[in-house]
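Asker: build the 3D model from these lines:
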Amino acid sequence: MSAVALTASLALANPAYANYLWLEKDGAGEAAGNRFRVYSGELAKRDAAMPQIEMPKAFPADASSSLPLTTAGDHLQIDRAPAAGDLRFSAREITGKNTVVFYQARYGRSETKAVNDLELVPTEAGGNTFRLMWKGNAVAASQVNVETSEGWRRVLAPAKDGTVTLGTPFPGLYVLEVTAKVNGSVTIDGKEYTDVRHVATLSFEVAR
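Answerer: Residues are numbered from 1 along each chain as shown. Alright, predicted model coming up:
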């Protein structure tokens, strides 16, 4: 087990459309059942293969257990997700000599609580207004990037209360992404990384 020590504050400084990991259903409608996929890259241009991520974990909202993951070509497969509640995924990637990226993905907007360290949370179940949470505390997002399966892109700026609101004019998959850099360092297996980034996504379907 890798030992990780984190003593830092968060600086929200989002590049537009950075690479990220996201969750989406495997298929549509009833055919999807409780099967999900984890993809990397951007929604408009998926990576041909998953990056060399470490400690991948898919889990339900209560984080009571890990769900089985299998590698299948350009994605990770989750075949037995819970029928109710939102699904989470986390992993990390060491991308350079001093850089580590923590990925945190969520599918669904039925819950108004955060589970991952960095997570976009709807202010009401099924709603279109979201608050960014960092380790259980609300923070103001500098910007939130949005992509949809229909090719629609937006960059959302926060309101005075720090929330962002998204219109959903098109059916299909929506992916919201935010990237934050930690003002500090993280130690993994005895090595200190001074460039620490968290990339969070929230994905959900708008019915046709």
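Asker: any weak-confidence spans in this protein?
Answerer: For the chain, applying pLDDT under 70 flags the ranges 1-18, 28-33.
Asker: what is the longest strand along it packed up against?
Answerer: Determined from DSSP state E, the single longest strand within the chain is strand 172-188. On a contact count with 3 or more C-beta pairs under 8 Å, 6 or more residues apart in numbering; DSSP states H and E, strand 172-188 meets strand 4-12, strand 20-25, strand 118-122, strand 129-134, strand 144-148, strand 191-193, strand 195-206. Where you see a C-beta, it was placed from the backbone N, CA and C, and this is true even at glycine.
Asker: the same query, at a cut-off of 6 Å, please.
Answerer: strand 4-12, strand 20-25, strand 144-148, strand 195-206 (3 or more C-beta pairs under 6 Å, 6 or more residues apart in numbering; DSSP states H and E).
Asker: can I get those strands in a markdown table including mean neighbour count?
Answerer: What follows is the helices and strands packed on strand 172-188, written out as a markdown table (neighbours: other C-beta atoms under 10 Å):
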| stretch | mean neighbour count |
| --- | --- |
| strand 4-12 | 13 |
| strand 20-25 | 24 |
| strand 144-148 | 22 |
| strand 195-206 | 22 |
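Asker: for residue 52, find the nearest of the ones you listed.
Answerer: For residue 52, the closest of the helices and strands packed on strand 172-188 is strand 20-25, at 12.7 Å, according to C-beta to C-beta.
Asker: on that earlier part again, the longest strand of the chain to strand 144-148, inter-axis angle?
Answerer: Strand 172-188 runs at 140 degrees relative to strand 144-148, counting by axes from the mean of the first three to the mean of the last three C-alpha atoms, to 10 degrees.
Asker: buried residues, strand 172-188. List them.
Answerer: The neighbour-count check on strand 172-188 (16 or more other C-beta atoms under 10 Å) flags 173-180, 182, 185-186, 188 as buried.
Asker: okay, now residue 26: neighbour count?
Answerer: The burial count assigned to residue 26 is 17, neighbours taken as other C-beta atoms under 10 Å.
Asker: the closest residue to it other than its chain neighbours and residue 115: what is the separation?
Answerer: In space, residue 26 comes closest to residue 35 once its chain neighbours are excluded; the distance is 3.9 Å by C-beta to C-beta, 6 or more residues apart in numbering. Distance from residue 35 to residue 115, counting by C-beta to C-beta, to the nearest Å: 21 Å.
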